[in-house]
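[1] What follows is a predicted structure for the sequence shown.
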Amino acid sequence: MSDIFEGNRAAWNQALKYHQMARGQHLSTGFENPHFTTFNRDYDHVLLEKLNQLDLNGKTIAQIPCNNGRELLSLMRYGAKEAIGFDISDAAIQQARQLAQIAKLNATFTQANALEIPTEYNSRFDFIFISQGSLQWFPCLDEYFGVISRLLNDAGQILIFEIHPFAYFFDNVTSYFAKGPYNYPKGLDYFGNIEYDSSECFWFMHKMSDIINALRRSSIEIMEFDEYNIDMDGNLDTDLKDKFPLSYIIVGKKNSWLAMPTN
Ligand SMILES: C[S@@+](CC[C@H](N)C(=O)[O-])C[C@H]1O[C@@H](n2cnc3c(N)ncnc32)[C@H](O)[C@@H]1O
């Protein structure tokens with residue numbers, strides 16, 4: 001198992017160099033402006049609608065995984081008092097720390113395999129954000145959401161804004177039902193679209209039912225579940241696009257009662 005995570009760590013460290021070339025300057029200049037946000041893509045209105053319904057004022061928030069922190073720093077604009085981002089990539093965490101310094105926000109970043117986040121963070125968070133391209137790096141969602149649940153305080157909330165498993169079917173990555181692992185031999189530069197020889201990484205397909213069942217087993221109650229025909233990566237080339245869900249939002253709340261035996 002450690003080979004999977006060490007492989008993914010190396011592949012993401014490698015990818016960050018390309019992301020930095022494509023977007024680094026834009027982000028470091030952007031975060032000098034206190035009103036800057038990366039939630040300004042055409043489709044972000046669905047996310048902003050949900051965020052506006054949540055009260056993040058004075059809250060302690062996290063993003064797992066957080067990549068270079070740009071989304072977590074953007075979330076801080078909703079009034080959170082403290083943010084902590086976790087990611088396995090050393091290069092991503094290094095960039096995140098630089099951006100936090102530029103933005104002058106109370107956000108810290110920790111390099112860690114999400115599945116091994118230390119117990120000192122248990123029950124620490126009011127809100128955890130999980131976004132685009134996160135879940136598929138974890139072979140077992142019960143383990144991943146088990147950690148998310150452990151880190152949430154009682155009644156802590158999550159928001160998942162993710163690529164729908166159906167979208168990967170159009171991406172020609174896999175069958176909807178075949179878990180993998182899969183590799184990205186041409187790299188992970190979804191910003192600059194530069195192809196390079198990627199070190200081997202391990203990506204896993206999870207069906208929508210896998211995601212929902214893993215949340216339920218982790219004592220996270222689904223409060224809202226919405227599906228959209230939004231192509232988050234913007235590179236699906238099919239006229240079937242409008243006929244299938246391509247992304248989704250789940251808002252959930254920790255409910256420790258769900259873990260109680262029923263008899
Ligand atoms: C596609 S990004 C998703 C994060 C964010 N939505 C973004 O777009 O930047 C995937 C991130 O997952 C991280 N990652 C992969 N496996 C991980 C693990 N086991 N623990 C923590 N982070 C992990 C990678 O380093 C990468 O930053």
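    Ah, there it is.

[2] which helices and strands does the helix or strand of the chain with the lowest mean pLDDT pack with?
    In the chain, no helix or strand scores lower on mean pLDDT, DSSP states H and E than helix 165-170, which sits at a mean of 86. In terms of contacts (3 or more CB pairs under 8 Å, 6 or more residues apart in numbering; DSSP states H and E), helix 165-170 is packed against helix 208-217. (Each C-beta comes from the backbone N, C-alpha and C, glycine too.)

[3] hey, C-alpha coordinates of the helix it packs on in PDB?
    Output of helix 208-217 as PDB, limited to C-alpha atoms (Å, rounded to 0.1, in the frame of the first residue of the first chain):
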ATOM      1  CA  MET A 208     -21.500   7.100  -7.100                       C
ATOM      2  CA  SER A 209     -22.900   4.400  -4.800                       C
ATOM      3  CA  ASP A 210     -19.400   3.700  -3.400                       C
ATOM      4  CA  ILE A 211     -19.200   7.400  -2.400                       C
ATOM      5  CA  ILE A 212     -22.600   7.500  -0.800                       C
ATOM      6  CA  ASN A 213     -22.200   4.200   1.000                       C
ATOM      7  CA  ALA A 214     -18.700   5.200   2.300                       C
ATOM      8  CA  LEU A 215     -20.100   8.500   3.700                       C
ATOM      9  CA  ARG A 216     -23.000   6.700   5.400                       C
ATOM     10  CA  ARG A 217     -20.600   4.100   7.000                       C
END
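
[4] Now do the helices in the stretch 1-150 of the chain.
    Applying DSSP state H, counting those that start in this stretch to the stretch 1-150 of the chain gives helices spanning 2-19, 25-30, 45-53, 70-75, 90-103, 141-151.

[5] now the angle between helix 90-103 and the longest one, please.
    Right, the one you point to is helix 2-19. Here the directions of helix 2-19 and helix 90-103 differ by 50 degrees (axes from the mean of the first three to the mean of the last three CA atoms, to 10 degrees).

[6] So what touches the least confident helix or strand of the chain?
    136, 174-176, 205-208, 211, 231-233, 236, 238, 240-241, 244-247 (CB atoms under 8 Å, 6 or more residues apart in numbering).

[7] and if you look at stretch 21-30?
    Stretch 21-30 has contacts (CB under 8 Å, 6+ apart) with F36, T38, N68, R70, Q95, Q98, L99, I102, D189, F191, G192, I194.

[8] which of those residues count as buried?
    Neighbour counting over these (16 or more other CB atoms under 10 Å) leaves F36, T38, N68, R70, Q95, Q98, L99, I102, D189 as the buried ones.

[9] least confident pick among those residues?
    By pLDDT, D189 ranks lowest within these, coming in at 80.

[10] got the residues of the stretch 1-150 of the chain near the ligand?
    For the stretch 1-150 of the chain, the residues in contact with the ligand (CB under 6 Å from any ligand atom) are 5, 8, 12, 65, 67, 71, 87-89, 92, 113-115, 131-134, 137.

[11] again, only using 8 Å
    5, 8-9, 12-13, 15-16, 63-68, 70-71, 86-89, 92, 112-115, 130-134, 137-138 (CB under 8 Å from any ligand atom).

[12] Share the number of residues neighbouring L56, please.
    22 (other CB atoms under 10 Å).

[13] just N153 next, same as before
    Applying other CB under 10 Å, I find that N153 has 15 neighbouring residues.

[14] Next one: it from the ligand, what distance?
    From N153 across to the ligand, the span is 21 Å (CB to the nearest ligand atom, to the nearest Å).

[15] Next, count neighbours for the nearest residue to that residue once chain neighbours are set aside.
    Using CB to CB, 6 or more residues apart in numbering and skipping the chain neighbours, the partner closest in space to N153 is S123 (4.6 Å). By other CB under 10 Å, 12 other residues sit near S123.
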